[in-house]
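Asker: sequence unavailable; structure follows:
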């Protein structure tokens, strides 16, 4: 008994610092957001007025908030689908095919992930520049005349953000999937090849099912992180109000002095994130395969 109790005390002492930090910096602020969403107050005013669910009623009738959440959902769906499709294809090619300089391609694809959002925003702002940006220069060369597409103006601003977000994320997930694919026994591919299965069939019938647990985990993580990344790219790349997402709408309300209203938006986004994570886990659940 003394041995077991000593072991439990040791584990408790090891976990306690992390648990205290998590509670102090995550749990308490989150609970305070829920509390503040029920009050009306200015951003820097100590005076609070309890309004109950009025902030949420107003929020659900706010066309700007609804539009910002639509942009958030659009970015989540498109960026997730495109990023994971390219990451899986590139990982499959670099893992299965004998290509010179595989390590070089891994490094090149991974570099965008180590750059800050501000740096990436600067790069793509230069690419999107109307007068002499790379995209307009290429289009001008192909068409034989000057092209002045405003890539960061409506209605192309969302497309521009999608391109930047996909470019930033592909390499990280490609490297993760390459590590998973490298553990798949080569004998399975050889047996499938003898049965007449081509590369594409092997990819969908062998590779994807055997690394599905990794795909499922990274998919949930990526979808949730996209909500935050979308806010960062919007703040760093485009003018205020040009293409709001959920979190940028929340920050704009805080800057306008509507602190309680801003917290209500934060609560809705928080609940939306958890509901989305639960839905993704439920949709992607399947019996794990072993090899």
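Answerer: That came in fine, so what should we check first? All values reported here derive from a predicted model rather than from experimental measurement. Numbering: from 1, shown residues only.

Asker: report how many residues lie close to residue 268.
Answerer: Residue 268: 19 surrounding residues under other Cβ atoms under 10 Å. Heads up, the C-betas are built off the backbone N, CA and C, glycines and all.

Asker: how about low-confidence regions in the stretch 151-291 of the chain?
Answerer: Under the criterion pLDDT under 70, the flagged ranges of the stretch 151-291 of the chain are 288-291.

Asker: all helices of it, in order?
Answerer: 157-182, 186-194, 199-202, 208-210, 212-237, 246-255, 259-283 (DSSP state H, counting those that start in this stretch).

Asker: quick one: closest of these to residue 34.
Answerer: Evaluated over the helices of the stretch 151-291 of the chain, closeness to residue 34 peaks at helix 259-283, with 5.8 Å, by Cβ to Cβ.

Asker: by contact count, what packs against the closest one?
Answerer: Applying 3 or more Cβ pairs under 8 Å, 6 or more residues apart in numbering; DSSP states H and E, one finds that helix 259-283 makes contact with helix 28-36, strand 39-40, helix 54-60, helix 63-96, helix 212-237, helix 246-255.

Asker: and among these, the most buried is which?
Answerer: Among these, ranked by average contacts under mean count of other Cβ atoms under 10 Å, first place goes to helix 246-255 (a mean of 20).

Asker: name the residues that touch that helix?
Answerer: By Cβ atoms under 8 Å, 6 or more residues apart in numbering, the list of residues contacting helix 246-255 from outside reads 43, 64-65, 68-69, 72, 227-228, 230-231, 234-235, 240-241, 244, 261-262, 265-266, 268-269, 272.

Asker: what angle do it and helix 63-96 make?
Answerer: 140 degrees (axes from the mean of the first three to the mean of the last three Cα atoms, to 10 degrees).

Asker: so helix 246-255 versus helix 212-237, what angle?
Answerer: Interaxial angle, helix 246-255 versus helix 212-237 (the same axes, to 10 degrees): 40 degrees.

Asker: state the mean pLDDT of stretch 112-126.
Answerer: For stretch 112-126, mean pLDDT is 88.

Asker: if we can go back for a sec, let's have the helices of the stretch 151-291 of the chain in a markdown table, adding distance to residue 30.
Answerer: A markdown table is the format used below for the helices of the stretch 151-291 of the chain (distance: least, Cβ to Cβ, whole Å):
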| stretch | distance to residue 30 |
| --- | --- |
| helix 157-182 | 26 |
| helix 186-194 | 45 |
| helix 199-202 | 45 |
| helix 208-210 | 36 |
| helix 212-237 | 15 |
| helix 246-255 | 14 |
| helix 259-283 | 7 |
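
Asker: what's the closest of those helices to residue 103?
Answerer: It is, among the helices of the stretch 151-291 of the chain and with distance given as Cβ to Cβ, helix 157-182, at 10.8 Å.

Asker: go through the closest one and flag the buried ones.
Answerer: Within helix 157-182, the residues that count as buried by 16 or more other Cβ atoms under 10 Å are 157-158, 160-178, 180-181.

Asker: that one - contacts with which helices or strands?
Answerer: If you count contacts as 3+ Cβ pairs under 8 Å, 6+ apart, helix 157-182 packs onto helix 63-96, helix 102-114, helix 117-127, helix 212-237.

Asker: coming back round to it: so which of the helices of the stretch 151-291 of the chain is nearest residue 55?
Answerer: Closest to residue 55 of the helices of the stretch 151-291 of the chain is helix 259-283 (Cβ to Cβ; 3.7 Å).

Asker: against residue 241, how distant is the residue nearest the centre of the chain?
Answerer: The residue lying closest to the centre of the chain (Cα atoms, centre = their mean) is residue 226, at 2.0 Å. According to Cβ to Cβ, to the nearest Å, residue 226 stands 21 Å off from residue 241.

Asker: average pLDDT for stretch 24-40, rounded please.
Answerer: 89.

Asker: might one say that the residue nearest to the centre of the chain is in contact with residue 79?
Answerer: Yes - using Cβ atoms under 8 Å, residue 226 makes contact with residue 79 at a distance of 5.7 Å.

Asker: joint contacts of these two?
Answerer: Counting by Cβ under 8 Å, 6+ apart, the contacts common to residue 226 and residue 79 are residue 165.
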